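> just coords:
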C-alpha cells in the first residue's frame, strides 16, 4: 500500500488521503501526456543526494588547499618572471606575457572540459539511480522524466537515431514507469550493449593475440595496458560519457572497485570454467594459456566499464557475461595457427 | 452396414493418435480465453490475432523485440464441425467507419494461428532454421463457462445450492414468479411435459431477469438456458432446480425425470463442451471486468467472485508431463488473471487495478499456484479506446482519460476517482468512483501496426513467451 501510494504521489497526481471523486473535464483543458522530450534539463530529476561523510570533505580540503597553495606559488613565480622579463626589455616582457596568457587560457579550457566530463560521469550515476527508482514506481512521471533524459543524452548521436526512432514508435501513453524504463532498456540500450560487447570482444582478442605473438613480456604488458585503456574510453564514449583525463582516472578507480564486485557477481563457476579452460589450453601451450588469460582480463575490465558507464543498471537477464567472450576467445588460437 | 461404424471408429482413433503424437513434436498451444459474460473475450481474441498478424505493436514480446519473429497467418482448423471465429467480421466492426464493439457471442467459434519464428538458441537454430507455433483459440458465450461446475454436482446438490442462492437478495424478488410456479407442483407428482416446460420457462425467465437486473448478475446456471446455441427447444433444456422431495421418488415422477435430464445435460452438453474445448488447454487467460462489476455495485462484485471461483474449479492446473500429453491429457501450466478495460483508467492507476484484481482473485490464484502452475496478474486493455491526459483540478494535476463515451458524440475527459485499495463489502460507496464505457476510437488500426492496446504484449509474453524461444 505505502509503496503504491508513493508511486502515485511521485507521479505528481493525487494522494489517497484526500480522495477526489469522479470529475469530468472540458476536453480543451486537458494536456496530453507527452515527453518533454530531448530536454537535457530533464536529467536534473529529483534524486536522493549521495551520502557525504566528513572524511570526504577532509580529503577535499587537503587536496583543494594543496592545489590552491601550488597555484599561488606558481602565480608569484610567474609574476616575478614577467616583472624580470619586462625589466630586461619590453619585447621579451610582451612575449612572456603572451605565452603566460596562452598557458592560462589553455589550462582553463582543459579544466572546464574535465569538469564537464566529470559531470557527464555523475549524470550516468544519477540516471542509474533514477532508472532504479522508476523500475519500482507505478506512476507515469518518473519514467517519463527518465526517458526524456535518455533521449536528451543521445539526441545528437546519429548511430543511436534508429534505435531512438524505434523506441518512439513503440512507446505509448499507456506505459507506466516500469514499462517505459524497460522499453528504453530493451530497445535503445540493448543495441548499445551489443556494440559494447563487440568492442570488449575485439579488445580481448587483440590482447590475447598480442601476448601470443609478442617476443617479450614487456611488450605484452604494454599492449594490454594500451588496449585496456582504449576499450574503456571507447565504451564510455559509446554510452555517452566521453570521459576526459580526470574522468578516465575516476572511471578507472570506480571500475577497479567494481571489478572485484563484478568478478564476484559473475560467480565462482565462471571462474572455475575460465580456469579449467585456461588449463586445458595451457596444456597445449603455456603461451596460449597465458594469452587467453590476458584476453579474459581485458574482457573483464571492459565489462566492468560497461557496468560503470551504462545509464541503467543491468538486470539478471541482460548482464554481460564472460562466458560468451571466453567461447569466442577460445577460437582465437585456431584462427591464428 | 456394420462395417462402416467400425472403420469410422478406427479412422477416428488413428486420427486422434496421430494428432496426439503430433503435439509431442510440434509446438501446439491451446489458449483458453476464460471470462464471464461481457468480460471482453471476443475483443481480446480479435486483438490478439490482429496484433500477432501485424506484429507492429508488441515491443514486450521477446520474440519480436529480438527480431526472431517472421510472420503469422491464419489457418483452417482441422476440426470442421465447429464454426470458425468470425475474426474479419469483428475486426471490421471495430475498425469500420462507425466503430462499434462486437455483438455478444452466441455460439462457439474457433481459430488457428500459425506463428513462424527463429529459435533462440544457436544450437536449435542449426537443427531447425525456423520453428512454427500452432495457436488454437476458442471463443464462446461467457454464460456457458458457468456450466463447468455442474460436472462435479448432482441434481440434488445443484438444486439445493441454486434454491439457496435464489432466496437471497437481490435474487429473491426476481425469483418470485418461478418460486410460485414451483410451489404449485409436487416434485413427486407425475412427469407431465407441459408442467415441466412451464417450470423450465419460469426458471429461464428468472435467469434472464437476473441478467437484465441492475446488478447484471452473472452466476446463472445452466448457461444454455440463456444462450441455447443450437439446442433451443430441445428436451434437454426442460428442467429446473427442485426442492428435495418429501417422500420416496418414483421413477416416472417429476423429480426423477428432471434429475435424468439434468444428468443428460451434464453429459451431452457440458461434458462434451468441456472435453472438446477445455480439457486440452495449455495456457489460460482469465479476463475479469472488475470495473464493470464495481459500477454495477456490491451484489455484482460478490456474484462475479463466486462465479469466477466456481468456474475455475473445473480446470486442471499444474505442470504437465510428456506422457500425459501423449495420452491426450494436458494441464494448464500458466494462468494469467487480467483486469480488462484498463483503458478506463489513466496510466498511473493501472498498477492499482492489478493489485485490486490480485486481492479479488487471491483464493483462486493460491489454489492454482499450489497446483504448480505459474500465475500472474495484470491490468490490460485488448483495445485501447482512450488516451491518458492530465487536467488541472483544484490546484492539482489529475491523470485522466480522454475518449468518446458510448452513446455520446463528443469526446470527454474523465477522472474516474481513486480506486479502493481492497475490495471489501460494501465494495463501492457510491460516488467515489465512476467509470464510463467508451466507444472504440475512430481510425483504430489505421497505421497497419495492429489494434492499439494496453499491455497485450506483456500478457502474450507471459502466456506464450516460453514456447516462442
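Now that the structure is in, tell me what you want to look at. These figures come from a predicted structure and were not determined experimentally.
> Show me where chain A dips below the pLDDT cut-off.
A:1-19, A:32-53, A:140, A:255-287, A:332-337 (pLDDT under 70).
> which residue sits closest to residue 82, ignoring its sequence neighbours?
No chain in the question, so chain A it is. Once flanking residues are discounted, residue A:82 sits nearest to residue A:96: 5.6 Å by CB to CB, 6 or more residues apart in numbering or on different chains. To be clear about C-beta, it is placed using only N, CA and C from the backbone, and glycine gets the same treatment.
> I was thinking of chain B, sorry if that wasn't clear
Nearest non-adjacent residue to residue B:82, counting by CB to CB, 6+ apart: residue B:110, 5.0 Å away.
> that older thread, what helix or strand is the residue nearest to residue A:82 located in?
Per DSSP states H and E, residue A:96 falls inside helix A:90-135.
> near chain A, which residues of the stretch 251-400 of chain B?
By CB under 8 Å from any CB of the partner chain, the residues of the stretch 251-400 of chain B that approach chain A are B:342-343, B:346-352, B:355, B:381, B:384, B:387-394, B:396-400.
> Report the buried members of the residues you listed.
Among those, those classed as buried by 16 or more other CB atoms under 10 Å in any protein chain shown are B:342-343, B:346-352, B:355, B:381, B:384, B:387-391, B:398-400.
> Show me where the stretch 351-469 of chain B has its strands.
Assigned by DSSP state E, counting those that start in this stretch, the stretch 351-469 of chain B shows strands spanning B:374-379, B:387-393, B:396-403, B:412-415.
> is the last one anywhere near chain A?
Yes: contact check for strand B:412-415 against chain A, using CB under 8 Å from any CB: residues in range are B:412, B:413, B:414, B:415.
> dump the residue contacts of the third one.
Residues in contact with residue B:414 (CB atoms under 8 Å, 6 or more residues apart in numbering or on different chains) are A:22, A:23, A:24, A:25, B:400, B:401, B:402, B:403, B:405, B:434, B:436.
> What is the nearest of these to residue B:11?
Among the contacts of residue B:414, residue B:403 lies closest to residue B:11 (CB to CB), at 53.4 Å.
> what about that closest one, how many neighbours?
The number of residues packed near residue B:403 is 23, by other CB atoms under 10 Å in any protein chain shown.
> is it true that it touches residue B:384?
No: under the criterion of CB atoms under 8 Å, residue B:403 makes no contact with residue B:384, lying 9.2 Å away.
> Return the residues in contact with residue B:248.
For residue B:248, the contact set (CB under 8 Å, 6+ apart) comprises residue B:188.
> mind checking how far it is from residue B:163?
With distances taken as CB to CB, to the nearest Å, residue B:248 is found 21 Å from residue B:163.
> near chain A, which residues of the stretch 51-200 of chain B show up?
B:57, B:59, B:60, B:65.
> switch to 10 Å and redo it
Residues of the stretch 51-200 of chain B that fall close to chain A, judged by CB under 10 Å from any CB of the partner chain: B:56, B:57, B:58, B:59, B:60, B:62, B:64, B:65, B:66.
> Can I get the buried part of those residues as one ChimeraX selection?
Restricted to buried positions by 16+ other CB under 10 Å, the ChimeraX selection for those reads:
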select /B:57,58,59,60,62,64,65
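> Nearest to chain A among the residues of the stretch 51-200 of chain B next to chain A?
Chain A has its nearest neighbour among these in residue B:59, at 3.8 Å by CB to the nearest CB.
> State the number of residues packed around the nearest residue to that closest one once chain neighbours are set aside.
Using CB to CB, 6+ apart and skipping residues adjacent in sequence, the residue nearest residue B:59 is residue A:170, 3.8 Å away. By other CB under 10 Å, the residues close to residue A:170 number 20.
> May I have the residues that are in contact with residue A:170?
Contacts were defined as CB atoms under 10 Å, 6 or more residues apart in numbering or on different chains; by that measure residue A:170 touches A:183, A:186, A:187, B:56, B:57, B:58, B:59, B:60, B:64, B:65, B:449, B:457.
> farthest-separated two in those residues?
Maximum distance among the contacts of residue A:170 (CB to CB): 17.4 Å, for A:186 and B:449.
> More neighbours: which of the two?
Neighbour totals were compared for residue A:186 and residue B:449, and residue A:186 leads with 19 against 16 (other CB under 10 Å).
> The more buried one: what's it in contact with?
Here residue A:186 is in contact with A:167, A:170, A:317, A:318, B:59, B:60, B:62, B:65, B:66 (CB under 10 Å, 6+ apart).
> With adjacent residues omitted, what lies nearest to the spatially most central residue of chain A?
Compute the mean C-alpha point of chain A, and by CA atoms, centre = their mean the closest residue is residue A:309, 1.8 Å away. Counting by CB to CB, 6+ apart, residue A:239 is the residue found nearest to residue A:309 once chain neighbours are left out, at 4.1 Å.
> cool, and residue B:465?
Closest residue to residue B:465 apart from its sequence neighbours, by CB to CB, 6+ apart: residue B:62 at 5.6 Å.
> Is residue B:211 in a helix, a strand, or coil?
Taking DSSP: H, G, I helix; E, B strand; the rest coil as the rule, one finds residue B:211 in the helix state.
> Neighbours of it, how many?
For residue B:211, the count of nearby residues is 17 (other CB under 10 Å).
> ok, now residue B:299?
Look at residue B:299: counted by other CB under 10 Å, it has 21 neighbours.
> how far away is it from residue A:159?
The spacing between residue B:299 and residue A:159, counted by CB to CB, is 60 Å.
> Please apply the same query to residue B:357.
Counting by CB to CB - residue B:357 and residue A:159 are separated by 43 Å.
> Over to residue B:184?
84 Å.
> The residue nearest to residue B:465 contacts residue A:318, doesn't it?
No: in this structure, residue B:62 is not within contact of residue A:318 by CB atoms under 10 Å, at 11.5 Å.
> Three-state assignment for residue B:133, please.
Going by three-state DSSP: residue B:133 is strand.
> in the sheet, who's paired with it?
Beta-bridge partners recorded for residue B:133 (DSSP bridges): residue B:27, residue B:115.
> How about the one 4 residues further on?
Beta bridges link residue B:137 to residue B:31, residue B:111, judged by DSSP bridges.
> surely it meets residue B:45?
Yes: look at residue B:137 against residue B:45 with CB under 10 Å: they come within range, at 5.4 Å.
> who has more neighbours, the two?
residue B:45 (25 against 22).
> ok so the more buried one is a helix residue?
Yes: Residue B:45 forms part of a helix when assessed by three-state DSSP.
> in the stretch 51-200 of chain B, which spans are helices?
With DSSP state H, counting those that start in this stretch as the criterion, the stretch 51-200 of chain B has helices at B:62-65, B:87-95, B:122-127, B:142-145, B:155-167, B:171-184, B:193-212.
> where among these is the average confidence lowest?
In terms of mean pLDDT, the lowest-scoring of the helices of the stretch 51-200 of chain B is helix B:122-127 (a mean of 77).
> Neighbours of residue B:402, how many?
Residue B:402 is flanked by 22 other residues according to other CB under 10 Å.
> follow-up on the earlier one: considering the residues of the stretch 51-200 of chain B next to chain A, which is situated nearest to residue B:266?
residue B:58 (40.4 Å).
> what's that closest one in contact with, if anything?
So residue B:58 contacts A:170, B:48, B:51-52, B:64-65, B:69, B:449-450, B:453, B:456-458, B:460-461 (CB under 10 Å, 6+ apart).
> Just give me the closest of those residues to residue A:199.
The closest of the contacts of residue B:58 to residue A:199 turns out to be residue B:65 (CB to CB; 22.5 Å).
> That closest one against residue A:191, yeah?
No: contact criterion CB under 10 Å: residue B:65 and residue A:191 do not qualify, at 11.1 Å.
> between those two, what contacts are shared?
Counting by CB under 10 Å, 6+ apart, the residues touching both residue B:65 and residue A:191 are residue A:166.
> What's the per-residue pLDDT of residue B:455 here?
With respect to pLDDT, residue B:455 scores 93.
> let me fix that: residue B:324
With respect to pLDDT, residue B:324 scores 63.
> my guess is residue B:208 contacts residue B:177, does it?
No: with contact defined as CB under 10 Å, residue B:208 does not count as touching residue B:177 (11.6 Å).
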